[in-house]
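**Student:** sequence and predicted structure, then a few things I'm wondering about:
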Amino acid sequence: MIRKSVGQSESDFAEKRNDEREDKDKEIRERILTGAEELFLQYGFRSITMDEIAKHLGVSKKTIYQHFADKDEIVCHCIENHLDYEKCTANEIWAKVSNPVEEFVIEAQHLKFTTHNIHPTILFELKKYHPKAWAIFQEHKEKWILQSIIDNLKKGMEMGFYRSDIDPDILARLRVEQIAMGFDPTIFPGQEFVLKKIQLQLLEHFLHGILSDKGREFLNLYLQTINEQ
DNA sequence: TACCGG
DNA sequence: GCCGGT
């Protein structure tokens, strides 16, 4: 009995120390990922080297490679983190807005905010040099973004903000590809076009194609009150 | 930090 | 020559 309880408390200690080490590992992993993401977003994946990530964080490359197998793994985790974050903010926006038109507008503002200062060729670097991360992004687009836009369109039709004769499954895909197109530097060369202006134009064009009279009235009034603030 | 190999 | 990986 006694031996058992001593043994247990020893293993408790060991377990506790183990937990603490795992927490530390998690912490440094997250630090590496956030640091890398900052650099990637600003300069792109290709131009940022492992040396620069290490220097940016004030750690050695060795430390980084103790936590990640290679650069590709870091890129993939950055993408996953970023997509989780996007899901969270989308849910927060959905909880706050009063109708689907407002959701589109707030989403676009958020997109404008998050894409402000990001490197325009980032998505095409993913496709070319990090196909695994690209696949993660594509799946997110296909499953999650598409579905939330379909939901938005259906809800807007129910509420009478969108025309009743639109096909949500078709137009949701149009909208998804439209957003992607806005990021395509082969279509909109970065030197000539400003990302946020492109996305805003595309959204307004899309919205005016699906709005009912009621929806258009709301949008005009809504944009007016926003611009006054 | 220096070095190798792609 | 550069950069990921050791």
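**Tutor:** Received, thanks. Just so we're clear, the structure is a prediction, and the values are computed from it rather than from any experiment.
**Student:** okay, CA-based contacts and neighbour counts for the rest of this
**Tutor:** Will do.
**Student:** and A:L126, what does it touch?
**Tutor:** A:45, A:133-134 (C-alpha atoms under 8 Å, 6 or more residues apart in numbering).
**Student:** which helix or strand lies directly C-terminal to the helix or strand that contains it?
**Tutor:** Here A:L126, judged by DSSP states H and E, is contained in helix A:122-129. Toward the C-terminus, helix A:122-129 is succeeded by helix A:131-140 as the next helix or strand (DSSP H and E).
**Student:** can you list contacts of that following helix?
**Tutor:** Applying C-alpha under 8 Å, 6+ apart, the contact partners of helix A:131-140 are A:72, A:75-76, A:79-80, A:83, A:123, A:126-127.
**Student:** can you give the domain ranges for chain A?
**Tutor:** A:1-68, A:70-228 (automatic domain parsing).
**Student:** now stretch A:182-189: buried residues?
**Tutor:** A:182-185, A:188 (16 or more other C-alpha atoms under 10 Å).
**Student:** kindly report the same for stretch A:85-98.
**Tutor:** For stretch A:85-98, by 16+ other C-alpha under 10 Å, it's A:86-87, A:90, A:93-94.
**Student:** and it, C-alpha only, in CSV?
**Tutor:** Extracted C-alpha coordinates of stretch A:85-98, given in CSV (Å, rounded to 0.1, in the frame of the first residue of the first chain):
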residue,chain,number,x,y,z
TYR,A,85,-8.7,32.3,-37.5
GLU,A,86,-10.8,33.2,-40.6
LYS,A,87,-13.5,30.7,-39.5
CYS,A,88,-13.6,32.3,-36.0
THR,A,89,-14.0,35.8,-37.3
ALA,A,90,-16.6,34.8,-39.8
ASN,A,91,-18.6,33.2,-37.0
GLU,A,92,-18.2,36.4,-34.9
ILE,A,93,-19.4,38.5,-37.8
TRP,A,94,-22.4,36.2,-38.5
ALA,A,95,-23.4,36.5,-34.8
LYS,A,96,-23.3,40.3,-35.0
VAL,A,97,-25.0,41.1,-38.2
SER,A,98,-28.8,41.5,-38.7
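**Student:** what's in contact with that stretch?
**Tutor:** Looking at stretch A:85-98 with C-alpha under 8 Å, 6+ apart, the contacting residues turn out to be A:103, A:106-107.
**Student:** hmm, 10 Å instead?
**Tutor:** A:79-84, A:100, A:102-107, A:110-111, A:114, A:140, A:144-145, A:148, A:152 (C-alpha atoms under 10 Å, 6 or more residues apart in numbering).
**Student:** residues near whichever residue of chain A sits closest to DNA strand B, how many?
**Tutor:** Nearest to DNA strand B, among the residues of chain A, is A:S60, at 5.7 Å (C-alpha to the nearest atom of the strand). Residues near A:S60, counting by other C-alpha atoms under 10 Å, number 13.
**Student:** what's the closest non-adjacent residue to it?
**Tutor:** Nearest residue to A:S60 in three dimensions, chain neighbours excluded: A:A54, at 5.5 Å (C-alpha to C-alpha, 6 or more residues apart in numbering).
**Student:** what about the one you found, how many neighbours?
**Tutor:** Neighbour number of A:A54 under other C-alpha under 10 Å is 18.
**Student:** sounds good, over and out.
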